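# just to be clear, the model below is a prediction. Sequence and coordinates:
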Amino acid sequence: MTTTEKPDYKVIGTRPIRPDGVEKVTGKALYGADIHLPDLVHGAVLRSPHAHARIVSIDTSAAEAMPGVLAVVTHNDLPVVSNKMMDMGEGISTASDMSKNVMAADKALYRGHAIAGVAATNVHDALTAIEAIKVEYEVLPPVLNVQDAMREDAPLLDESRHTKTPAGELSDNASNVAAHNRFEGGDLEAAYAEADIVVEREFDTKMVHQGYIEPHNGTANWNSDGTLTVWTSTQGAFAVRSALSELLQLPVSRVRVIPMEIGGGFGGKIGLYLEPVAALLSRKCGRPVQLTMDRTDVFQATGPTSGGHMKGKLAVKDGKITAAEVSLAFEAGAFPGSPVMAGAMCMLSPYEVENFKVDAYDVVVNKPKVAAYRAPGAPNAAFCVEQLIDEVARETGTDPLQFRLNNSASEGSRMITGVAHPRIGHEETVEAAASSDHYQSPIEGPNRGRGVASGFWFNAGMQSSVIASVNPDGTVNLIEGSTDIGGTRASLAMQLAETLGIEYDSIRPTVADTDAVGHNDVTGGSRTTYASGQAVYEAGLDVQQQLVARAAQLWECEAEDIEYADGGLRHTSDSEKSMTFAEIAGKQMETGGPIQGRGTVMARTPGAAYGVHVVDVEVDPDTGKVDILRYTIAQDVGTAVHPAYVEGQMQGGVVQGIGWALNEEYYYGEDGRMENASFLDYRMPTSLDLPMIDTIIVEVPNPGHPFGVRGVGEVPIVPPLAAIANAVHDATGHRFTELPISPRQVVEELHNLQ
Amino acid sequence: MPRRAHVQTTLNGEEIDFLCEPRQSLLEVLRDELNLTGTKEGCNNGNCGACSVLMDGRVVNSCCVLGVEAEGAAVTTIEGVAEGETLHPLQQCFLEEAALQCGVCTPGFIVAAKALLDSEPDADEGRVRHWLAGNLCRCTGYDKIVRAVLKASEMEEVTA
C-alpha cells in the first residue's frame, strides 16, 4: 500500500534479477573460504576449555617442532595497543579489548576464547599441532548471568574495571557493570498516583546467535614489502582495514582488504576474529595463511547477542500511557559493549510517553563478547515493553492495535533521548496491520491465540562512496564498497538507473576492495540501500552534469540551455538538438575524455523504521510445542526499491525472531560450557516449522532520501518475540516472561497452573 | 602423511579420478582437491545441508561421506546442475523469485530440490517444506525458496 503519492518511477519498484544472481545459483560465486592462492597454507586456533581462567604459561615448543607446522602465534605476537575507542559501525570497543579478544592475554574470559594460532601445510596437521600446545591455567569461577555478575561479591572478569555511572564518573568499587546509563523525564510518581492501571513485570532472555550459515574465515598474505592483503567474508571491508591497522600497528594505506562474498552476517560479521591471527601467521611463515572456523567455534567464540534481565512498569490513565519505568541489564559477554543503550532508546519509540525513567546496565560475563545482531538490543527490550502494552490494552478492554494507535508517536513527538521524530509511519503501519485480511479474520479453535506487537529501529546513515564510470557504449560500471549480503548490488544499480533514466541492465555494479574505492561504512544498520543509494544518486547527478557540459561543447551553447531528462539530453529552446545517454556516452573521447561520476555521502537522515506484526499460534498443551499458524508483517519501508528483496528482508527477520521466541538459546552448564554448540542442538527454524510469511509494504517516503528510502533489514526482528508471547498468552491465559518459550517451559508453566 | 587412495568416480557426468586421504570427506575432496567450491561447508556435521550433493541420484551431506566412498558412484554437484549456459528451471526460479539473499545455502537447496523434483515433480507445499527441512537458510525465512521450488515444479522442463 502507498500512503503518499509516489513519483512515477521507471526502475524503482520493479523486480529485476540481481546482477550477482547467476553466479550464486550456479556455485561460481566466491565466498571467503573458496579462494585458493598460490602457496596457500592453512591454520587452526587453540581455544580455551575454561570459561574463566588465568593463563599462567603457554609452551608452544612441542607444536612448533611437529611435522608440517610453519608458525605458531599467541597474544605476545600482537603489538601493545591503546584504549582508543574503535567504532566498527555497529558496536564500539577499545582497541585493547579487541586485541585481547583476538587472542587472550593474561586471562581466558570464555570457553572458546582464542589462545594461539598455528599455520601448517594442511589443516589436519594444524589441528593436530594445536593439541600439542601446553597451556597452564589457573581456573577461576565463572559468572554466567547478569544477576550473578552484578552481585557485590561476584568474581570479577577484570579487577581494574569500575562502573561508569550516569553522572559520567567511575564507581569506587571494581565491578562487572561496565556502564550504567539513565534517561529520565517528567514526574513518574504523580503519574502512578493518578493512574487507572499500573502493571509491572520482570523478563529474562537468553543469548542467541545470528546463525549465518557461512562460518567465519580469514585469509592473509603479509607481503615482503610490508603490506598486508586480507581476503575475508565481512560486512565491512573498511572496518576490517581500520581495525587491522590499529591492532597490527600498520598505516591504513598498507592494509588492503578484499571483501569476498559473504554468507550471512546480521551484524555478526563486523568484528575481527581470524584475520589478525592469519596476518601474524603469514608474517611469521612468509606464505598466505587461511583460517576458517567450524560451527562449534562460531557458536562459542563469535556473535552472539545479549541475553539479560529486564524490569518494566507501565501506568495508564484514560487509555493513554502516562508513565513507563524500565530497567535493562544486558550481557556484554567478556568485554563491555552490549547493545543495551540501543534497546533502551528503541523500546518506547513507537509511543508518546511523557513520564519515564529508563536504566541501562552493560554487564560483562564469562561468555563470548557480543556482536551486533539485527536491530541490536531492540528485540529483547520490545519483549518486555510490548508485553506490558498488551497487558494494559487487555485491562482497558481496548483492541491491542487500537491501543497502539491511540498512543502512537508521530512527527514531532519526542523520544526519551529528547530528539523529536521526523516524519514517521507508525500510525500508517498499525492501520495497515489492523485492516489486513489476517487481522480481520477471526481466530478460532482450542489452544489457539493471536498476538500483535510494534517495533522500532533507528536505521543508520553513515559514510558511503561510489564511482560511476560511463562506457562509450552507454553502459555504466558502478564501483561500490558496500558488501552485498542480500541484494544491494541490485538496489544500488536500480537507483543509478533511475537517476540516469537508463535501463537497469545497462548498469554493472561491482563491490570493490579497500584500495579501489573511497571509504564505506559497514553493511549494517539497514544503511546500504539508503546511504550508498544516496551516494549513487549523487554520482548519477555528477554524471548528468558532466554530460550536459559535453553536450554544451558539441552544441556550442551554454550548459543552462541543456536539460537532462528521460535518459538523455535536449536543448531547451532548439528541439532539433537532442541526444540519448548512449549517444553522448559514445562521444567521450572527442569531448574531453573519460566520464566518471563520483558520490560520497555522510548520510544523516536515515528515517526510522516501524513494523507491526500479527501472529496466530496453536499451543499443544501436552508437548508444549508452539506452532505458528499464520504470520503477517506490516512495515514502513519509505520506498521499496526492489520489493521482492524488501519482502525477503521482512520474512527473514521475522523467522529469526520466531527462532528466538520459541527455540533458540545458549544453554550453559554451571562450568560455563555452552552445551548446545551445534545446529542440531541450537535449533533454528526449518522450512517445516513455518507457514508462508505475509508481507504488507507500507510506503511513507523518507524526506531525507532522494527516492524516499528508509532502512528495511533490521526492524522485522524487533516485534516477533513479544508478538508471539502475546499470542501464546492469548492461547493459554498464561504470560511467558522468559525466552525461549520452548516446549519444556510451556509444559512446566502450564502444569504449574493446573 | 597418510597413504592416499585412488578413487574413480563420475562427477557431473564426467569420468574422473582423484587421490585423497581416507580421512578426507567428500566435501573436502570436492572443495580442496577438485577446486569445486560451489558446494559449501556450513557445519561439517550433517545439520545444515549446505554441502548437499547427489550420489547416484540421492541427496547426501557431502561432509558426512568420505571421499573414498565416491568410488564407482555418480556424483552431481551444483556445478553440474545447469546445462552449459542454460540454467536449470530451479536456478531460474530462484533468481526470479528472489529466493536467495546471501546465497551461501543456495547450492545445497537447489541440489536438494532437484532430487525432489526429479522423483516427485508434483510435490506440493507441504512436501517441499518437509523435503527441504534438512537445509538451513537463515536469510529468507524459506517463503521465497518454497515458492521458487513450487514454480519450478510447474515448468514444463521439469514435469516433462
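Great, that's in hand. Everything numeric in this text was worked out from a predicted model, so none of it was measured.
# mind pulling up the pLDDT for the closest residue to residue A:707 other than its chain neighbours?
Spatially, and ignoring its direct neighbours in sequence, residue A:707 is nearest to residue A:639 (5.2 Å; Cβ to Cβ, 6 or more residues apart in numbering or on different chains). In short, each C-beta sits where N, CA and C put it, glycine included. According to the predicted model, the pLDDT of residue A:639 comes to 98.
# equivalent analysis for the one 10 residues further on, please.
According to the predicted model, the pLDDT of residue A:649 comes to 98.
# so which helix or strand takes in it?
When secondary structure is defined using DSSP states H and E, the element that contains residue A:649 is helix A:643-662.
# mind listing what's buried in that helix?
When neighbours are counted by 16 or more other Cβ atoms under 10 Å in any protein chain shown, the buried residues of helix A:643-662 are found to be A:643-662.
# neighbours around residue B:8, how many?
12 (other Cβ atoms under 10 Å in any protein chain shown).
# check which helix or strand covers it.
Residue B:8 is located in strand B:5-11, with elements delineated by DSSP H and E.
# is chain A within reach of that strand?
No - using Cβ under 8 Å from any Cβ of the partner chain, we find that strand B:5-11 stays clear of chain A, coming within 13.2 Å at best.
# please tell me how far that strand is from the chain's geometric centre.
Taking Cα atoms, centre = their mean, to the nearest Å, one finds strand B:5-11 lying 18 Å from the centre of the chain it belongs to.
# so what's residue 152 up against?
As the question left the chain open, I've gone with chain A. Applying Cβ atoms under 8 Å, 6 or more residues apart in numbering or on different chains to residue A:152 gives the contacts residue A:173.
# um, chain B though
Residues counted as contacts of residue B:152 (Cβ under 8 Å, 6+ apart) are B:88-90, B:92-93, B:113, B:117, B:158.
# of those, which belong to helices?
In helices, judged by DSSP state H, the following of the contacts of residue B:152 are found: B:89-90, B:92-93, B:113, B:117, B:158.
# restricting to these, which residues neighbour chain A?
Near chain A, by the rule Cβ under 8 Å from any Cβ, you find none of these.
# out of the residues you listed, who's the most crowded?
Busiest of those [other Cβ under 10 Å] is residue B:113, holding 30 neighbours.
# excluding chain neighbours, what is closest to that one?
If you skip the residues right next to it in sequence, residue B:113 has residue B:149 as its closest partner in space, 4.7 Å away by Cβ to Cβ, 6+ apart.
# show the pLDDT at the residue of chain A found nearest chain B.
Proximity of chain A to chain B (Cβ to the nearest Cβ) peaks at residue A:27, 1.9 Å away. Model confidence at residue A:27, expressed as pLDDT, equals 98.
# same check on residue B:122?
95.
# and it, what element?
No secondary structure element spans residue B:122, as it lies outside all helices and strands (assigned by DSSP H and E).
# quick one: it from residue A:79, how far?
For residue B:122, the distance to residue A:79 (Cβ to Cβ, to the nearest Å) stands at 63 Å.
# do residue A:725 as well
Remark: distance between residue A:725 and residue A:79 (Cβ to Cβ) = 48 Å.
# between those two, which is the more surrounded one?
For residue A:725 versus residue A:79, the count of surrounding residues by other Cβ under 10 Å is larger for residue A:725: 29 against 11.
# which residues touch the closest residue to residue A:246 other than its chain neighbours?
Spatial nearest neighbour of residue A:246, excluding adjacent residues (Cβ to Cβ, 6+ apart): residue A:95 at 4.9 Å. Residues counted as contacts of residue A:95 (Cβ under 8 Å, 6+ apart) are A:81-86, A:246-247.
# now, of those, which are buried?
For the contacts of residue A:95, burial is judged from neighbour counts taken by 16+ other Cβ under 10 Å, and it is met by A:81, A:86, A:246-247.
# sorry, back to before: I'd say the residue nearest to residue B:113 and residue B:128 touch.
Yes - Residue B:149 lies in contact with residue B:128 (Cβ atoms under 8 Å); the separation is 5.0 Å.
# sketch out the low-pLDDT regions of the chain for me.
Just so you know, I chose chain A. A:1-4, A:90 (pLDDT under 70).
# looking at chain B here, not the other one
Low-confidence segments of chain B, defined by pLDDT under 70: B:1, B:156-160.
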